[in-house]
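K.L.:
Provide a 3D model corresponding to the input given below.
(2 chains, ligands or ions: 2)
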Amino acid sequence: MKYGYYPGCSLRVTAFEYDKSLVRVFNHLGAELVEAKDWFCCGASAAHSTSQGVAHALSLKILSLYEKEGIKDVVVPCAACFSRFKTAAYELEEEPEKRKTFDEIISYEYKNSVTIKHPIEAILKDFKKKDLEAKAVRKLNDLKLVCFYGCLLVRPPKIMKFDEAEYPVMMDKLVSTTGAKTLDWNYKTECCGVSLSLSRTDIVLKLTNDILTDAMNVGADVVVVACPLCHSNLDTRQKDIEKEYNKKLGIPVLYFTQVLGLAYGMSPKELGIPSHLTDAMGLLKEKKII
Amino acid sequence: MSAPAKRIELKLTGEQQKFLTEVKQISGQNANLCYQCKKCTAGCPVARTGAMDLTPTQVIHAIRLGQIDLVLNSHTIWVCASCETCTTRCPQGVDIAKVIDAARNYAKAIGRVDAEKSIDIFFNAFMKSIERNGRLYELGLALGIKMKTLEFTKDMELGREMFFKGKLKIFPHKTKNIKEIKEMLKKVRELESK
Ligand code: SF4
Ligand code: SF4
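P.N.:
Ligands and ions are numbered 1, 2, ... in the order given. Have a look, this model is predicted:
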């Protein structure tokens, strides 16, 4: 099996652990991820905050790189890129009168033939549950997880069409194939405010404090995420939150691909786990996973 | 019997009318559909933190009334995190996040960005990074922001830690199609300024 792959900028720098673990997990499942040559940045929140036209042009141009290479499905692990692409494709479909303008802007007649998939969707759709369970040679039965979906994976539902917007369960289903238990909690789809991370850090600390505190209150060992931006906000800001709110946090934040990889017998190092700022190695040892 | 309610005439200035029309055009949304149930505000994570001076409901109402100064001077249109909760829940199908985005786009187009300077600096630095490199260059982005905000010590410790974990690269990754991207963005901007 072969998928197109758009890692997005974060996965090549700040979130290299996600890239590493995602590629390993897909390969382990027998799937190949192929990048389009010279893919570039989708502009995330900065582009659409500046101009709708700029945002759509960037997304459509990137998608056209994949269409030109004959790629049907492209796997997009970052929720922000995923949302930008889905929005651009949706608006192209809804407003066909804009097609000509955009074709001219991107110098290509984009046919909107590329299906944009988050890796959770790709795995759940293309692999059977029992096969996934069979791959889990290292059962994580002792681990209690809360799955954090954040905003852009699920909202707005008319565009994203990714699970139930107010209470999604797809990530829970997927990581449960490892034997780990996923818990019910209140902040599954809350916003971590990442677009404000470098500008209004004060707002971000409040939002992330609420999310992490609820995770700890329901008794989770780990917060599982499916987006490099959610990860960076929840993992790297814990010390700042501790200082700001005079409390103790230290709850590990793992990518769903790292949870799967651990169950498939991979080492934490292969999955980039020691590179997180909030230590997860102590917990893995304590639970005798490593 | 009470007298029939007087109809209040709202006279918009040319500037207000233009604002109203453009926000409607950019967003494709009809703010008049709002019946002020405040559901958007109730679920807004940023309103909950106290960082918004107008609630999302008030922004929609002010836009409906063409109140350009109220909207463009507000912090709300900048601190909105584009989380789409409001849009998802509005019983009237108003895409509030998109209306706010349109107000932001309009503010940028006419250069009224003073309400939240640091956010505008972030957006500009981000876009510049794409035009220069094709891909986002995070360290360059962070340094570019510092040069503008002059907050040199902010996040220094975090940056240092990230660097030692291999999470920041010293040099940008430049894609080969930078020229093409630049030209494309120029085309969009020309079209939009018409
Ligand atoms: S949720 Fe919709 S109808 Fe209700 S106040 Fe907000 S914009 Fe108006
Ligand atoms: S999109 Fe903006 S206004 Fe709407 S709920 Fe999110 S932060 Fe609030």
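K.L.:
what helix or strand does the most centrally placed residue in chain B sit in?
P.N.:
Against the mean C-alpha coordinate of chain B, by Cα atoms, centre = their mean, the closest residue is residue B:104 at 3.9 Å. Assigned by DSSP states H and E, residue B:104 belongs to helix B:96-109.
K.L.:
That helix: which residues count as buried?
P.N.:
For helix B:96-109, a neighbour-count test (16 or more other Cβ atoms under 10 Å in any protein chain shown) marks B:96-108 as buried. For every residue, glycine as well, the C-beta is placed using N, CA and C.
K.L.:
of those, closest to residue B:15?
P.N.:
residue B:106 (11.4 Å; Cβ to Cβ).
K.L.:
ok, and the closest non-adjacent residue to that closest one?
P.N.:
Nearest residue to residue B:106 in three dimensions, chain neighbours excluded: residue B:22, at 5.5 Å (Cβ to Cβ, 6 or more residues apart in numbering or on different chains).
K.L.:
before we move on, what about residue A:177?
P.N.:
residue A:132 (4.2 Å).
K.L.:
following the helix or strand hosting that neighbour, which helix or strand comes up?
P.N.:
Here residue A:132, judged by DSSP H and E, is contained in helix A:129-135. Next helix or strand after helix A:129-135 toward the C-terminus (DSSP H and E): strand A:144-148.
K.L.:
Is the least confident helix or strand in chain B by mean pLDDT in proximity to chain A?
P.N.:
Scoring the helices and strands of chain B by mean pLDDT, DSSP states H and E places helix B:138-149 at the bottom, with a mean of 78. Yes. Using Cβ under 8 Å from any Cβ of the partner chain, we find that helix B:138-149 touches chain A at B:138, B:141, B:142, B:145.
K.L.:
residues contacting the second one?
P.N.:
Under the criterion of Cβ atoms under 8 Å, 6 or more residues apart in numbering or on different chains, the contact partners of residue B:141 comprise A:198, B:125, B:126, B:129.
K.L.:
and the angle from the helix or strand that contains the third one to helix B:96-109?
P.N.:
Secondary structure assigned from DSSP H and E places residue B:126 in helix B:117-133. Here helix B:117-133 runs at an angle of 80 degrees relative to helix B:96-109 (axes from the mean of the first three to the mean of the last three Cα atoms, to 10 degrees).
K.L.:
can you list the domain ranges for chain A.
P.N.:
Annotated domains of chain A cover A:2-119, A:138-286 [automatic domain parsing].
K.L.:
where exactly do the strands run in the chain?
P.N.:
Since you didn't name a chain, this refers to chain A. Applying DSSP state E to chain A gives strands spanning A:2-5, A:32-35, A:73-75, A:115-117, A:144-148, A:181-182, A:222-225, A:253-255.
K.L.:
if I read this right, residue A:77 contacts residue A:230, doesn't it?
P.N.:
No. With contact defined as Cβ atoms under 8 Å, residue A:77 does not reach residue A:230; the gap is 11.4 Å.
K.L.:
give me every residue that touches the residue nearest to residue B:145 when sequence neighbours are not counted.
P.N.:
Spatially, and ignoring its direct neighbours in sequence, residue B:145 is nearest to residue B:125 (5.2 Å; Cβ to Cβ, 6+ apart). Residue B:125 makes contact with B:141, B:144, B:145, B:148, according to Cβ under 8 Å, 6+ apart.
K.L.:
Next, count neighbours for the nearest residue to residue B:49 once chain neighbours are set aside.
P.N.:
Spatial nearest neighbour of residue B:49, excluding adjacent residues (Cβ to Cβ, 6+ apart): residue A:206 at 4.5 Å. Residues lying near residue A:206 (other Cβ atoms under 10 Å in any protein chain shown) number 18.
K.L.:
any idea how far residue A:206 is from residue B:78?
P.N.:
17 Å (Cβ to Cβ, to the nearest Å).
K.L.:
per-residue confidence at residue A:214?
P.N.:
We note a pLDDT of 98 for residue A:214 in this prediction.
K.L.:
roughly how far apart are it and chain B?
P.N.:
13 Å (Cβ to the nearest Cβ, to the nearest Å).
K.L.:
Up against ligand 2, what does chain B have?
P.N.:
Contact residues (Cβ under 6 Å from any ligand atom) of chain B with ligand 2: B:43-47, B:56, B:80-86, B:96-97, B:100.
K.L.:
ok, now which ones touch the nearest residue to residue B:173 once chain neighbours are set aside?
P.N.:
Distances taken as Cβ to Cβ, 6+ apart place residue B:135 nearest to residue B:173, at 5.2 Å, with adjacent residues excluded. Residues near residue B:135 by Cβ under 8 Å, 6+ apart: A:9, A:12, A:40, A:41, B:172, B:173, B:174, B:175.
K.L.:
change it to 6 Å
P.N.:
Residues in contact with residue B:135 (Cβ atoms under 6 Å, 6 or more residues apart in numbering or on different chains) are A:9, A:40, A:41, B:173.
K.L.:
Next: residue A:234.
P.N.:
A:208, A:253.
K.L.:
Need the per-residue pLDDT for it.
P.N.:
97.
K.L.:
any idea how far residue B:130 lies from residue B:188?
P.N.:
On the measure of Cβ to Cβ, residue B:130 and residue B:188 end up 13 Å apart.
K.L.:
The two: which is more packed in?
P.N.:
residue B:130 (27 against 21).
K.L.:
Thought residue A:46 was touching the more buried one, still the case?
P.N.:
No. Taking contacts as Cβ atoms under 6 Å, residue B:130 lies outside contact range of residue A:46: 8.1 Å.
K.L.:
Give me the below-cutoff pLDDT ranges for chain B.
P.N.:
B:1-2 (pLDDT under 70).
K.L.:
Now do the helices in it.
P.N.:
B:14-27, B:39-42, B:45-49, B:56-64, B:68-72, B:76-79, B:85-89, B:96-109, B:117-133, B:138-149, B:156-164, B:178-193 (DSSP state H).
K.L.:
what are the ranges of the helices in the stretch 1-150 of chain A?
P.N.:
A:9-12, A:16-28, A:44-50, A:52-68, A:79-94, A:99-106, A:119-126, A:129-135 (DSSP state H, counting those that start in this stretch).
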